[in-house]
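Student: Any chance you can model this:
(chains A, B, C and D)
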Number of protein chains: 2
Amino acid sequence: MSGGVEWAVHCCVALTGVTEPVPAATLARLNDVSMTYLAKQMQALARAGLVHSVQGKSGGYVLARPAERISVLDIVLAIEGPEPQFTCTEVRQRGPLAASPEQCLQACAVHRAMLAAEQAWRTSLRGVTVADLVATVDRDSGPDVLSRVRGWLVSPTD
Amino acid sequence: MSGGVEWAVHCCVALTGVTEPVPAATLARLNDVSMTYLAKQMQALARAGLVHSVQGKSGGYVLARPAERISVLDIVLAIEGPEPQFTCTEVRQRGPLAASPEQCLQACAVHRAMLAAEQAWRTSLRGVTVADLVATVDRDSGPDVLSRVRGWLVSPTD
DNA sequence: GGCGCGCTACTCGGATACGTCTTGTCCGAGTACGACTGG
DNA sequence: CCAGTCGTACTCGGACAAGACGTATCCGAGTAGCGCGCC
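Tutor: Below is the predicted model:
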């Protein structure tokens, strides 16, 4: 899986509760990652409609929806693309014993097994929202951790 | 996901019920795919212990275990490798607000969400065995389809 | 005729190039803020 | 003092290279079967 997904999810978590736009450069400094590459990920989030991008001085990114309505699956699909991981090449229709097309009206058994597994994966990710992640972090490390992050995003001192 | 996984699963299904070794070249002709590349996948299956490889004239590959004891997950892990799709880079320990290592005794919330989703994916794939795939194909397309495949593998006429 | 030996041909196995996708980077388009100027 | 306007500096956005991984291939190591020769 693309490594940029991790950055995107962490950025979405950090953006919760921040009303003013946060530039990509600030998010990059927060996580100590490549500024230009993270900008690329944020652009993907903006294209998917998960965040709003405002330009000009004191511009940046803001969550487009409340954190309760942004699932981890949304972020993963925004970065990785909507196409499924497994693509069936219809090997049963090739070779000397190829099946006729009318025998292949439904997906083959292998394809269905892979599809079911990916559906389970998506269902699991769909059930976790950014708000859930925030609540988990608050419960594990205390609410002051994310509060400090939000404060730093508003006025970074580095 | 690697495209060779599909070939490997189809080959395992085709190998069910065949007692004598089947060469990689025969499996390649059956599916009309690259002979050398499929050989690479079969080598991975042999390394993982899913199939036994016998050399010499009239050699080839045989299933090492009964089809009921080979899950689709086994095949996927044999081809793709055992490492998880998502790798946590511990971004929380980097940057100006880095968390101390003693605060990171357990995996971060993002990591756990990804791990849970991958576990769901693996559980789904673990629940489907090669025997299940064979039964599905027999039920959908009739038992003669796989019978013809087995017969062709024993004495290919191409 | 039976047995042992060597040869051959076929198999797998790992080491080797190529293509494509992810990763990482750069520069241009656009815009909001701020300062300046005139009324 | 206030409003309009211009300039600037900061932002995002898409287009552009480098590296890594999956894809595809080749040749060498090994072995089982087969034929031949010998007993």
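Student: and the closest residue to DNA strand C within chain A, how many residues sit next to it?
Tutor: Nearest residue of chain A to DNA strand C (Cβ to the nearest atom of the strand) works out as A:Gly56 at 2.5 Å. Just so you know, the C-beta spots here come from the backbone N, C-alpha and C atoms, and that holds for glycine as well. A:Gly56: 7 surrounding residues under other Cβ atoms under 10 Å in any protein chain shown.
Student: Kindly confirm my reading that it is in a strand.
Tutor: No. Counting by DSSP: H, G, I helix; E, B strand; the rest coil, one finds A:Gly56 to be coil, located in no strand.
Student: how far away is it from B:Arg92?
Tutor: Going from A:Gly56 to B:Arg92 by Cβ to Cβ, to the nearest Å gives 31 Å.
Student: For the residue located most distally from the centre of chain A, which three-state class applies?
Tutor: Seen from the C-alpha centroid of chain A, the residue lying at the greatest distance (Cα atoms, centre = their mean) is A:Pro96, 43.4 Å away. Here A:Pro96 is recorded as coil under three-state DSSP.
Student: ok, it to B:Thr36 distance?
Tutor: Per Cβ to Cβ, A:Pro96 is found 19 Å from B:Thr36.
Student: same check, this time on A:Ala39
Tutor: With the distance defined as Cβ to Cβ, A:Ala39 ends up 42 Å from B:Thr36.
Student: Looking at these two, which is more packed in?
Tutor: Between A:Ala39 and B:Thr36, A:Ala39 has the larger neighbour count (other Cβ under 10 Å), namely 16 against 9.
Student: And the nearest residue to the more buried one once chain neighbours are set aside, what's its pLDDT?
Tutor: Nearest residue to A:Ala39, sequence neighbours excluded (Cβ to Cβ, 6 or more residues apart in numbering or on different chains): A:Ala24, at 4.2 Å. pLDDT, A:Ala24: 96.
Student: Thank you, goodbye.
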